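Asker: sharing a model that was predicted from the sequence below.
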Amino acid sequence: MIKLKINGGTIPFEGDPDTPLLWVIRDTAGLKGTKFGCGKGLCGACSIHLDGNVMRSCVLPVSAIANMSITTIEGISVDGSHPVQQAWLKEAVPQCGYCQSGMIMAAVDLLNKNSQPTDADINQSITNICRCGTYPRIRKAIHNASSFKK
Amino acid sequence: MVNNNKTKNYSMAVNRRQFIKLTSGFTFTLALGSIGLKSVAGNAAGREQSLSVWVRIDGSGKITIYNPVAEMGQGSSTALPLILAEELDADWKQVEVENAPINPEIFGHDAIFGKMMMLTVGSFSVSSYFERLRIAGAQARHVLLLNAAENLAVPISELTTADSMVYHRFSGKQLSYADIAKFALVAALPLDIENIKLKPVDQFKLIGKNIPRVDIAGKLNGTAEYSIDVVVPGMKYGMIERSPVNGDSPLSFNAAELLAKKSISAVFAMDHGVAIIGDNIWAVIQARQALEVSWSKGALADNFDSSKAIEQYAALASAAESPTKVISTMGTSAEAAQHVNKNYQADYSVDFVYHAQMEPLNAVASVSTDGQKLDLWVGSQFPSGLRAEAAKLLNINIDNVNLHPCFLGGGFGRRSWHDFGLEAIQMSAVAKAPVKLLWSREDDLKNGAFRPMSLQRISAGVDQQGSLQSWHHRTIGDDFYLTASGAELPFYQIPYKVIDFRKIDIGIRTKHWRGVAHGPNKFAIESFIDEVALGEAADPYQFRRKLLAQSPRPLKVLDKAVSMSPWGSKPSQGRALGLSFAEGFGSLTAGVVEISLDESLGKIRVHRVWLAVDAGIIVQPDNAIRQLEGGIVQAISSVTLESVTFRDGAIQQSNFHDYPVLKMADTPQITISFIQSELPPSGIGEAAIPFIGGAIGNAFAALTGKRLRHLPFTTNRVKTVLNS
């Protein structure tokens, strides 16, 4: 049995240790905010934080991360008040919204490491796919996010 | 396509005949001799009153308005209720939106097929429901006024409304809508329809005022539920290994080997594939790895090779005798021949393109153990059709089909087919348990239904003054509407025009993609217009101005696009501008793009885009801008990157590594401007798609002197053209 640390709590998992973390988050822990988009680490919809670093959970076997801390979209704030979430709300970023959990996790990671990213920094760090094309609004919201810090 | 360009004076009273025609929901309740108000005795604090089939109000003041359309990111689940709320004079803070029951006779529209459907396609949601929901809101407001007038014992003409309040200006008395809901009576009231007025446009408080979308907060914190997120007790998980070639079937497969695996409970054949059902998704994904299937042969698509197909399309375009559907024709060739001094001809073509919506297709189906009832959770663009097909599939009464509409993680035209919903239902019926059917990304791509490959052959003649006198546009593809929509030229003044279509059968699944054939056709048309203009030593902008001289609305849009961009001034070194005009979905667009080119890589980079749009009244301007930006991103992606290819009928791509789509780093700066208008709203969702292909192709020609005629402009094709 593996015990996973997710959003400050512990979730036991007794299934196949090769199971990608994505499915354990969604179906064992019941946290549906992290999304399945491609299963090959190519789109970023499954992005979470592992010990504070953004990772794509669809290609992480759960056996490899047993002692690490996982944060999902549900865990970055209790009430949507994270500065990035506020910036996303103000800019009305989401359209269909399916990519946005992963996108927000990627943006939070970028801003945790670089509080004033340039456009070039954003281009390099934000490689998640958004088919609705919200990229211009994501860029603007990332630039504005620091003004929402509490 | 429905022409939405009708002008109406919205401050006029709505007459009875219009009212009955436009609000089928009301004819239903009127026939009952009631306008939906129920009589309530005593304390009504907890009771809800239906003001109409669309809206109900409770004693606390909560106003619940139905949303009848699929929410796939276009924001219509906010825009439509707010249209009703506007005429109702509701305080938007009291409004909650609920998905309408799947009842097309009441909540559908007939704008596309003349038959009531709950079908969210064609950029039609706001335009097809606008008038109807305004009337529904005005009607509901009238119900409140009738009751208020009786309660206050004053003439209804002395009452006004604002923000969920009724005011009697002479006495200072007022009633909230919540108050009225508590005592409102059944109408044996004669409904004084003749006097219902719609608001003048300049009095709008919600329409055009950028009301925050009701769905966005949940899409920021992981709580917005898509069908892929639905869980029901006892639910199993399923996937299907489908035929690599469309139309073939499984002949044999190693079911026993998979069934021996723990957690796998069913393995069975369907017409087009092998279904696997198990206790958890990973077990099913793993089991699929061990599946071996032999497939039948003989489907039409078996030998389809997309790299060779265009030659057949071109041959069909040239064939002397072949069934030809004439789409539009004007003038005579004899007359045109008298004036034509020089001829131009070019072929343009487009590859297959995949929807690539971020949520892979899926559905959760729960057929009851007696097989008589169905619950289906699905993100569908056509829920009324799916509900009917589900009832047929199970041979049950449609009243026993509960379709629970979910948010769509992208639609773009793919999700008006029923395949994924019907598959889930079949699997639940076999499993005798609820089943969540999941398509992998590979499944979604390889079993897509694509924007079809098509060929556009345009030939034109100009006179000695360099003006277009004749135009023949022949479209070649596998489906009339998917190939020829957008080929018409409603605005360019050319005396002799023939636009026609020839069909080629290929056996590939094809479908509406965002913009349908407007993207491919406007790419061809706007590239060709530039080719002719340049051949006649004319400026592409001035050449189009002359063609639009008789069409003031399109001309205004073209002029705006040019004036908001640097068109006319010399671009910086290594950059070039391209211009195009396109109409579609009732709207008019014109745009300029600025590109550069890395010749060694063959990579086109779009730096800036300027787009002018005339779409009538814009219900949610900021949201509309986001839709147009998103459309530009998707269009640039399809023009520069995207291609589905076939070998021996099977798709060669499998995931985002070999089917790339545009990302942040390649997204240009976008500036959008609306032409102010009081015409009824027209389509926004697909409006930004058509102009991009021609604009980029024209910019490329300005930069290099060479012409790209085959979408997408992949690096290989760019290099080939540069070297030619």
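Answerer: All right, it came through fine.
Asker: what pLDDT does residue 96 get?
Answerer: The chain I'm using is chain A. pLDDT recorded at A:Cys96 is 98.
Asker: should've been chain B
Answerer: The per-residue pLDDT of B:Glu96 was computed as 98.
Asker: the helix or strand harbouring it: how far from the chain's middle?
Answerer: Using DSSP states H and E, B:Glu96 sits in strand B:95-99. On the basis of Cα atoms, centre = their mean, to the nearest Å, strand B:95-99 sits 22 Å off its chain's mean C-alpha point.
Asker: can you check stretch B:504-513 too?
Answerer: Remark: stretch B:504-513 is offset 18 Å from the chain centroid, using Cα atoms, centre = their mean.
Asker: what do you get for stretch B:301-317?
Answerer: Worked out by Cα atoms, centre = their mean, stretch B:301-317 lies 29 Å from the chain centre.
Asker: which positions in the strand holding B:Glu96 come out as buried?
Answerer: B:95, B:97, B:99 (16 or more other Cβ atoms under 10 Å in any protein chain shown). Where C-beta positions appear, they are placed from N, C-alpha and C, glycine not excepted.
Asker: got a markdown table for those, with distance to B:Thr640 too?
Answerer: Shown next, in a markdown table, are these (distance: Cβ to Cβ, whole Å):
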| residue | distance to B:Thr640 |
| --- | --- |
| B:Val95 | 42 |
| B:Val97 | 37 |
| B:Asn99 | 37 |
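Asker: name the nearest of these relative to A:Gln95.
Answerer: B:Val97 (16.9 Å; Cβ to Cβ).
Asker: who does that closest one bridge with?
Answerer: B:Ile65 (DSSP bridges).
Asker: for chain A, what's the nearest residue on the stretch 351-500 of chain B?
Answerer: B:Gly409 (3.1 Å; Cβ to the nearest Cβ).
Asker: state the number of residues packed around whichever residue of chain A sits closest to chain B.
Answerer: Nearest residue of chain A to chain B: A:Gly33, at 1.9 Å (Cβ to the nearest Cβ). A:Gly33 has 25 neighbouring residues, counting by other Cβ atoms under 10 Å in any protein chain shown.
Asker: repeat for B:Met239
Answerer: B:Met239: 26 surrounding residues under other Cβ under 10 Å.
Asker: ok, now B:Ser318?
Answerer: Neighbourhood size, B:Ser318 [other Cβ under 10 Å]: 12.
Asker: other SSEs contacting the strand or helix carrying B:Ala85?
Answerer: Here B:Ala85 sits within helix B:76-88, counting by DSSP H and E. Identification of packing neighbours for helix B:76-88 by 3 or more Cβ pairs under 8 Å, 6 or more residues apart in numbering or on different chains; DSSP states H and E yields strand B:63-67, strand B:95-99, helix B:125-152.
Asker: select from the ones you listed the stretch with the lowest mean pLDDT.
Answerer: Among the helices and strands packed on helix B:76-88, helix B:125-152 carries the lowest mean pLDDT (a mean of 93).
Asker: check whether it contacts chain A.
Answerer: No - Helix B:125-152 is not in contact with chain A by Cβ under 8 Å from any Cβ of the partner chain; minimum separation 14.1 Å.
Asker: angle of that helix against helix B:76-88?
Answerer: 40 degrees (axes from the mean of the first three to the mean of the last three Cα atoms, to 10 degrees).
Asker: how far does helix B:125-152 sit from its chain's centre?
Answerer: Relative to its parent chain, helix B:125-152 has a centroid offset of 28 Å by Cα atoms, centre = their mean.
Asker: what's the answer for stretch B:623-636, then?
Answerer: The answer for stretch B:623-636 is 12 Å, by Cα atoms, centre = their mean.
Asker: using CSV, list the CA coordinates for that stretch.
Answerer: Presented in CSV, the C-alpha positions along stretch B:623-636 are these (Å, rounded to 0.1, in the frame of the first residue of the first chain):
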residue,chain,number,x,y,z
ASN,B,623,-16.6,37.8,-24.1
ALA,B,624,-17.0,38.2,-27.8
ILE,B,625,-13.5,39.6,-28.1
ARG,B,626,-12.2,36.5,-26.3
GLN,B,627,-14.1,34.3,-28.6
LEU,B,628,-12.6,36.1,-31.6
GLU,B,629,-9.1,35.9,-30.2
GLY,B,630,-9.5,32.2,-29.6
GLY,B,631,-10.8,31.8,-33.1
ILE,B,632,-7.7,33.6,-34.5
VAL,B,633,-5.4,31.3,-32.5
GLN,B,634,-7.2,28.2,-33.7
ALA,B,635,-7.2,29.5,-37.3
ILE,B,636,-3.5,30.3,-37.3
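Asker: mean confidence for that stretch?
Answerer: Averaged over stretch B:623-636, pLDDT sits at 98.
Asker: same question for stretch B:325-340.
Answerer: On average, stretch B:325-340 scores 91.
Asker: now do the end-to-end distance for that stretch.
Answerer: Terminal residues of stretch B:325-340 are spaced 25 Å apart (Cα to Cα, to the nearest Å).
Asker: who's in contact with it?
Answerer: Residues from elsewhere that reach stretch B:325-340 (Cβ atoms under 8 Å, 6 or more residues apart in numbering or on different chains): B:461-463, B:469-470, B:475, B:480, B:484, B:487-489, B:494-503.
Asker: next, the buried residues of that stretch.
Answerer: The neighbour-count check on stretch B:325-340 (16+ other Cβ under 10 Å) flags B:327, B:336, B:339-340 as buried.
Asker: distance from the chain centre to it, please.
Answerer: With Cα atoms, centre = their mean, you get 34 Å for stretch B:325-340.
Asker: how about the residue of chain A closest to chain B: what's its closest non-neighbour residue?
Answerer: B:Gly222 (1.9 Å; Cβ to Cβ, 6 or more residues apart in numbering or on different chains).
Asker: what about the one you found, which helix or strand?
Answerer: Of the helices and strands defined by DSSP H and E, none includes B:Gly222.
Asker: now do the contacts for it.
Answerer: If you count contacts by Cβ under 8 Å, 6+ apart, B:Gly222 has them with A:31-34, A:72-74, A:101.
Asker: quick check, central residue of chain A?
Answerer: Chain A has A:Met105 as the residue nearest its centroid, 2.9 Å off, counting by Cα atoms, centre = their mean.
Asker: which residues in chain A form helices?
Answerer: Taking DSSP state H, the helices of chain A run over residues A:21-23, A:83-90, A:100-113, A:119-125, A:135-145.
Asker: the third one vs helix A:135-145, what angle?
Answerer: Direction vectors for helix A:100-113 and helix A:135-145, defined by the same axes, to 10 degrees, enclose an angle of 40 degrees.
Asker: next, the angle from helix A:100-113 to helix A:83-90.
Answerer: Relative orientation of helix A:100-113 versus helix A:83-90 (the same axes, to 10 degrees): 130 degrees.
Asker: restrict helix A:100-113 to CA atoms and write it as CSV.
Answerer: C-alpha atoms of helix A:100-113 as CSV (Å, rounded to 0.1, in the frame of the first residue of the first chain):
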residue,chain,number,x,y,z
GLN,A,100,-7.3,25.8,-17.0
SER,A,101,-6.5,23.8,-13.9
GLY,A,102,-3.3,22.7,-15.4
MET,A,103,-2.6,26.1,-16.8
ILE,A,104,-3.1,27.7,-13.4
MET,A,105,-0.7,25.2,-11.8
ALA,A,106,1.9,26.0,-14.5
ALA,A,107,1.4,29.8,-13.9
VAL,A,108,1.6,29.4,-10.1
ASP,A,109,4.9,27.5,-10.5
LEU,A,110,6.3,30.2,-12.8
LEU,A,111,5.4,33.0,-10.5
ASN,A,112,6.7,31.2,-7.4
LYS,A,113,10.1,31.1,-9.1
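Asker: no further queries at this time; thank you.
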